[in-house]
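# I'll drop the sequence and a predicted model, then ask my questions.
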Amino acid sequence: MNPASLRFTETHEWVSAEGNTATIGISDFAVHLLTDIVYMSLPKVGKVVRKGESIGEIESVKAVSDLYAPVDGEIIEVNSELADQQVLLSESPFEKGWIAKIRMTNPTQAEGLMNYDAYKAHCSSSGH
């Protein structure tokens, strides 16, 4: 996926929306901040989530970070390969490193997230 076609949250999750399905992951910027990722807790299929709610954790040698739902909906699929191959997040954060798919209850929520240019500006101004 081309990052320019995605939407982003301030907490570095990305969203690719098609119809009422949102594929989500974390940005390459976040992956580089975390450095060596050693463990990932994936959300459960069937879980109903609210925007901003923690749906999993990513543990690196530096820190443990929450993964947040960027939209309201139900988890309909997870990328189970990430449980054993966290390297996919750094090798291909926008394609093979997707984390979950959410059936959105309000697809317009994704439209309200930052576009790529706004996200890059957010990252630059956050002092990282």
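The structure has been received and is ready for your questions. Numbers count the residues shown, from 1 in each chain.
# can you tell me which residues contact Gln109?
Residues near Gln109 by Cβ atoms under 8 Å, 6 or more residues apart in numbering: Lys51, Pro70, Val71, Asp72. For glycine as for every other residue, the C-beta is placed from the backbone atoms N, C-alpha and C.
# let's go with 7 Å and repeat that
The contact partners of Gln109, taken as Cβ atoms under 7 Å, 6 or more residues apart in numbering, are Lys51, Val71, Asp72.
# and the longest helix for the chain?
helix 116-125 (DSSP state H).
# So for that one, what gets flagged as buried?
Of all the residues in helix 116-125, those buried under the rule 16 or more other Cβ atoms under 10 Å are Tyr116, Tyr119, Cys123.
# again, but for stretch 14-23
So stretch 14-23, judged by 16+ other Cβ under 10 Å, has buried residues Trp14, Val15, Ser16, Ala17, Ala22, Thr23.
# contacts for it?
So stretch 14-23 is contacted by 1, 6-8, 24-27, 70-71, 73, 94, 98, 101-104, 107, 110, 113 (Cβ under 7 Å, 6+ apart).
# before we move on, the earlier item: in a markdown table: the buried residues of stretch 14-23, plus secondary structure, pLDDT and distance to Val31.
As requested, these are arranged in a markdown table below (DSSP: H, G, I helix; E, B strand; the rest coil; pLDDT from 0 to 100; distance: Cβ to Cβ, whole Å):
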| residue | secondary structure | pLDDT | distance to Val31 |
| --- | --- | --- | --- |
| Trp14 | strand | 95 | 11 |
| Val15 | strand | 97 | 16 |
| Ser16 | strand | 96 | 17 |
| Ala17 | strand | 95 | 21 |
| Ala22 | strand | 97 | 19 |
| Thr23 | strand | 97 | 16 |
